[in-house]
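>>> Provided below are the primary sequence and the corresponding predicted coordinates.
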Amino acid sequence: MADYRQMWNDLGMDLEKHDLLCEVLPEAFGDVYLSQENRPEGMDYFNFVVSEIHGVRPSELVEHQKKGGKVFGTFCVYVPDEVIFAAGGIATGLCGGSQFWVPGGEKVLPANTCPLIKASVGARLDGTCPFFKIADMYIGETTCDGKKKAWEILNQEVPVHVMDLPQMKRPKDIKAWEDEIKTLLKVVEETTGKEVTAATLGEQIKVINNKRKALARLYATRKNFPVPISGKDTLVITQIAFYDDPTRFTDQVNKLCDELDERIAAGEGVFPADAPRILITGTPMAIPNWKLHHCIESLGAAVVVEELCTGVRYFENLVDETGTTIDEQISALADRYMKTNCACFTPNPGRIEDILRLAKDYKVDGVIDCNLQFCGLYSTESHLVQQALKKADIPIMHLETDYSEQDFEQMRTRVEAFLEMLQK
Ligand code: BJ8
């Protein structure tokens, strides 16, 4: 990695502690990613972005701030990036996916809080992630209890604007989300000092839709036999989507897809055509959480699709681009975002319908429903997910895990048994 110490120092980071993270990350990436065979050449860009994760993009964000720009950190796929970019801001995903940050979060949070929240709070309080330090404002949401309370703690460090996400999908709830987006627009305008116009918002709706289209194209390549790209590679690309420059990212994904199209035409893949095909559903996998994918794929099965926020929930459904006024555009944004099916909604039949549809479209052999420990929403919804899949005669296994490596062998044994069962 190039030398970014001056920047980290200027950001007030804990350099000594951060050095420890810089030591382990490349090794983990090497073990999980670079050890794969026959990877597409188009992965080079994404390898580079991960290898310089705390340097390349953070320096761009700092440059943006030097020119008077503002950076907004987000934690959920319901927060519309379009509005932030339209006001001249930059949105960057902040969810923490490493065990490294968990102890820092546990200093202020109950131990029985989900690791995603503990890691996110720990990354900020410990000063070991430049993204958390750079963001001028965090945008929270009222999705789960743990997050709601975490915003109050983080607000002592950095301004947090919380969007009140309705938890049902009646017309009045969609209207309420529209109002929340309008409030966000005002808050962002006040922070950046730039007005959002129908022209800038329309332009950013197109930019983010193009990113969604590129990801949809990438995922569609995985419907093929043999699958031309690993689940691990697709996961890291999706994780990068949360913080990379959207236009550059879209170009790189499309370039990779051109290569994947050639592979498909030549019948080339990364797993044998008869490798078991797995769909993963459950809680999001924030970077650098690659644990389950690594476990499944090192056992010879292919992860071909994810019903996750770091999966299809991030890019399915486009925003209608025909609105010509800000009100029309915000209504289109509310419609699109409220189509996402998170377990924080009640009832949430759309998620089960999505899983069944994806299982069919990607011709999966089995589903692994995996939630992070202490996520009451997804672990409770798992009952209904398992019921529906059993009814549809689709093999399913439920797993609960955290960010540590302690349960890796146990996870491996269970996944192995599940894969054997699929091959009988
Ligand atoms: S849309 S999944 S990103 S809320 S933090 S709910 S794991 S206990 S992340 Fe999420 Fe938005 Fe929904 Fe997606 Fe559970 Fe942990 Fe809460 Fe979590």
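Good, I have the coordinates.
>>> gap between the two ends of stretch 333-351?
20 Å (CA to CA, to the nearest Å).
>>> what mean pLDDT does it have?
For stretch 333-351, mean pLDDT rounds to 98.
>>> how about that stretch against the ligand, any contact?
Yes - judged by CB under 6 Å from any ligand atom, stretch 333-351 and the ligand are in contact via 342, 344. Using the backbone N, CA and C atoms, a C-beta is placed for each residue, glycine as well.
>>> what's that stretch in contact with?
77-78, 80, 82-83, 143-144, 165-169, 173-175, 177-178, 181, 205, 281, 307, 309, 313, 316-320, 354, 377-378, 380-381, 385 (CB atoms under 8 Å, 6 or more residues apart in numbering).
>>> Show me how far it is from its chain's centre.
Chain-centre distance of stretch 333-351: 16 Å, with CA atoms, centre = their mean, to the nearest Å.
>>> Stretch 202-213 too?
Relative to its chain's centre, stretch 202-213 lies at 17 Å (CA atoms, centre = their mean).
>>> Check stretch 3-10 too.
Worked out by CA atoms, centre = their mean, stretch 3-10 lies 27 Å from the chain centre.
>>> Give me the mean pLDDT for it.
95.
>>> Please apply the same query to stretch 287-299.
Taken as a whole, stretch 287-299 has an average pLDDT of 97.
>>> And for stretch 50-66?
Mean pLDDT, stretch 50-66: 96.
>>> Determine the three-state secondary structure at residue 68.
coil (DSSP: H, G, I helix; E, B strand; the rest coil).
>>> Can you give me the end-to-end span of stretch 336-354?
15 Å.
>>> do stretch 37-49 as well
By CA to CA, one end of stretch 37-49 lies 20 Å from the other end.
>>> And that stretch, what's buried?
Residues 39-40, 42-43, 45-46, 49 are the ones in stretch 37-49 that count as buried (16 or more other CB atoms under 10 Å).
>>> How about stretch 197-209?
200-202, 204-205, 207-209.
>>> Looking at these, which one is closest to the ligand?
residue 208 (16.3 Å; CB to the nearest ligand atom).
>>> tell me which element the closest one is part of?
According to DSSP states H and E, residue 208 maps onto helix 198-221.
>>> Strands - which of the contacts of stretch 333-351 land there?
Among the contacts of stretch 333-351, the members found in strands (DSSP state E) are 281, 307.
>>> Mind checking which of the contacts of stretch 333-351 are in helices?
82-83, 173-175, 177-178, 181, 205, 313, 354, 377-378, 380-381, 385 (DSSP state H).
>>> Show me which residues of the worst-scoring helix or strand of the chain on mean pLDDT are buried.
Lowest on mean pLDDT, DSSP states H and E among the helices and strands of the chain sits helix 15-29, with a mean of 93. Buried residues in helix 15-29, counted by 16+ other CB under 10 Å: 18, 21-22, 25, 29.
>>> Output the residues you listed in CSV; the columns should cover distance to residue 255.
Below are these laid out as CSV (distance: CB to CB, whole Å):
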residue, distance to residue 255
18, 32
21, 30
22, 29
25, 25
29, 21
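>>> Can you name the two of those that sit furthest apart?
Farthest apart among those by CB to CB are 18 and 29. That separation is 16.5 Å.
>>> Quick one: name the residues of the stretch 201-350 of the chain near the ligand.
Within the stretch 201-350 of the chain, the residues that sit near the ligand (CB under 6 Å from any ligand atom) are 283-284, 309, 342, 344.
>>> Which residues belonging to whichever strand or helix holds residue 329 are considered buried?
Per DSSP H and E: residue 329 is located in helix 326-337. By neighbour count on 16+ other CB under 10 Å, the buried set for helix 326-337 is 326, 329-334, 336-337.
>>> repeat for stretch 355-368
Neighbour count says stretch 355-368 has 355-356, 358-359, 362, 364-368 buried, by 16+ other CB under 10 Å.
>>> first to last residue in it, what's the distance?
11 Å.
>>> ok, and what's touching it?
222-223, 225, 276-282, 292, 296, 304-305, 307, 312, 385, 388-389, 392, 394-397, 399, 415, 418-419, 422.
>>> That one: how far from the chain's middle?
In this view, stretch 355-368 has its centroid 20 Å away from the chain centroid, taken as CA atoms, centre = their mean.
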